[in-house]
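Undergrad: please find the sequence and the predicted model below.
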Amino acid sequence: MQERKIGNRRVSAVGLGAMPMSIEGRPDPERSIATIHAALDAGVTLIDTANSYHRDAGEEGHNEELVARALRQRSVSPDEVLVATKGGTQRPGDGSWIKNGRPERLKEAAKDSARRLGVEAIGLYQFHRPDPEVPFADSMGAIAELLDEGVIQMAGISNTDIAQIDEANEILGGRLASVQNQFSPRFRSSQGELEHCAQLGVAFLPWSPLGGIANAAELGEQHATFQAVADELGVSVYQATLAWHLALAPEVVPIPGASRPESIIDSVGAADVQLTSEQVARLSAA
């Protein structure tokens, strides 16, 4: 599989979003483990998780522990697979998401995540979502301290705008490694952030690149041009969509969610799909 770069690490062009394995509607642990193993077998070297990817109260870190278990079973080292996790949101167990960007909480959460992942230092740690109750600079100051203290190896942010990207990079002393925003055929409001990351040489990790759990199954119906290009190439609409992401900039590393081995195997195939410049333009204009 072709590779992309996040900070000083080379990773697979398509990563695995592990969130669907732990939230509402999640599969049994055995199928989740099989999905992660299928991703590894297909050449995936980037797995995205977060401490808040869980369903019930009292199980914070469910997804991180699931990922760590799957990697241990294959004796995969942190040098072989980059696990990107996040802190800054919490789930009380009622289906809601609560922002918590307090510096002390972020630092505590990062250390808890490192323990659950079984690593001395987290490969990539991202501030999950700005907290309107806490100055963004204060939250990012905690991330910078985690970086300086060696608790994390690389730092990123998620769900941010261009001004916050620049502010984060300044606070981190030019060490911002990634930005993880929602971006897909149906959600393109982060186009500016994607292009800004490309200018900075910062990795852009689109989450829900296929439209999200509730919409992915209808991707071809909702976006006829993407289905048409997929038919032209003889590939799935999911592969055509991820190939479009990859064609937008070398800094783009999509992280499609998966909870079945078949899903991630299909997604990984996008790295081998070659779109013409005309097809890319057609999809971008759709």
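TA: Thanks, I have the structure now. Residues are numbered from 1 along each chain as shown.

Undergrad: C-alpha from now on. contacts and neighbour counts both.
TA: Fine.

Undergrad: please, where are all the strands along the stretch 51-200 of the chain?
TA: 82-87, 89-90, 98-99, 124-127, 155-158, 176-180 (DSSP state E, counting those that start in this stretch).

Undergrad: kindly reformat the ones you listed as JSON lines containing distance to residue 67.
TA: Listed next are those as JSON lines, based on distance: least, C-alpha to C-alpha, whole Å:
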{"stretch": "strand 82-87", "distance to residue 67": "8"}
{"stretch": "strand 89-90", "distance to residue 67": "19"}
{"stretch": "strand 98-99", "distance to residue 67": "23"}
{"stretch": "strand 124-127", "distance to residue 67": "14"}
{"stretch": "strand 155-158", "distance to residue 67": "20"}
{"stretch": "strand 176-180", "distance to residue 67": "19"}
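
Undergrad: next, format the ones you listed as a markdown table and append mean neighbour count.
TA: Shown next, in a markdown table, are the strands of the stretch 51-200 of the chain (neighbours: other C-alpha atoms under 10 Å):
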| stretch | mean neighbour count |
| --- | --- |
| strand 82-87 | 24 |
| strand 89-90 | 20 |
| strand 98-99 | 16 |
| strand 124-127 | 26 |
| strand 155-158 | 26 |
| strand 176-180 | 27 |
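
Undergrad: residue 105 is nearest to which of these?
TA: Residue 105 lies closest to strand 82-87 among the strands of the stretch 51-200 of the chain, at 8.6 Å (C-alpha to C-alpha).

Undergrad: so residue 150 makes contact with residue 121?
TA: Yes: counting by C-alpha atoms under 8 Å, residue 150 touches residue 121, with 6.4 Å between them.

Undergrad: more neighbours: those two, which one.
TA: Between residue 150 and residue 121, counted using other C-alpha atoms under 10 Å, residue 121 has the larger neighbour count: 22 against 13.

Undergrad: pretty sure that one contacts residue 153?
TA: Yes: at 6.2 Å, residue 121 and residue 153 qualify as touching, with contact defined as C-alpha under 8 Å.

Undergrad: state the distance from residue 116 to residue 275.
TA: 40 Å (C-alpha to C-alpha, to the nearest Å).

Undergrad: and for residue 206?
TA: Taking C-alpha to C-alpha, one finds residue 206 at 19 Å from residue 275.

Undergrad: and the helices in the stretch 151-286 of the chain?
TA: With helices called from DSSP state H, counting those that start in this stretch, the stretch 151-286 of the chain shows them at 162-171, 191-200, 219-222, 224-233, 237-248, 261-268, 277-285.

Undergrad: got the contact list for the third one?
TA: Applying C-alpha atoms under 8 Å, 6 or more residues apart in numbering, the set of residues contacting helix 219-222 from outside is 210-211, 226-227, 237-238.

Undergrad: which of those residues sit farthest apart?
TA: Farthest-apart pair in the contacts of helix 219-222 is 211 and 227; separation 14.0 Å (C-alpha to C-alpha).

Undergrad: just to revisit the earlier point, now the strands of the stretch 51-200 of the chain as TSV including mean pLDDT and distance to residue 143?
TA: Shown next, in TSV, are the strands of the stretch 51-200 of the chain (pLDDT from 0 to 100; distance: least, C-alpha to C-alpha, whole Å):
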stretch	mean pLDDT	distance to residue 143
strand 82-87	98	10
strand 89-90	96	14
strand 98-99	98	16
strand 124-127	98	8
strand 155-158	98	7
strand 176-180	98	10
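
Undergrad: how many residues are close by the residue lying closest to residue 17 once chain neighbours are set aside?
TA: Spatial nearest neighbour of residue 17, chain neighbours left out: residue 257 (4.1 Å); criterion: C-alpha to C-alpha, 6 or more residues apart in numbering. By other C-alpha under 10 Å, the residues close to residue 257 number 25.

Undergrad: with residue 72 instead?
TA: By the measure other C-alpha under 10 Å, the count of residues near residue 72 is 13.
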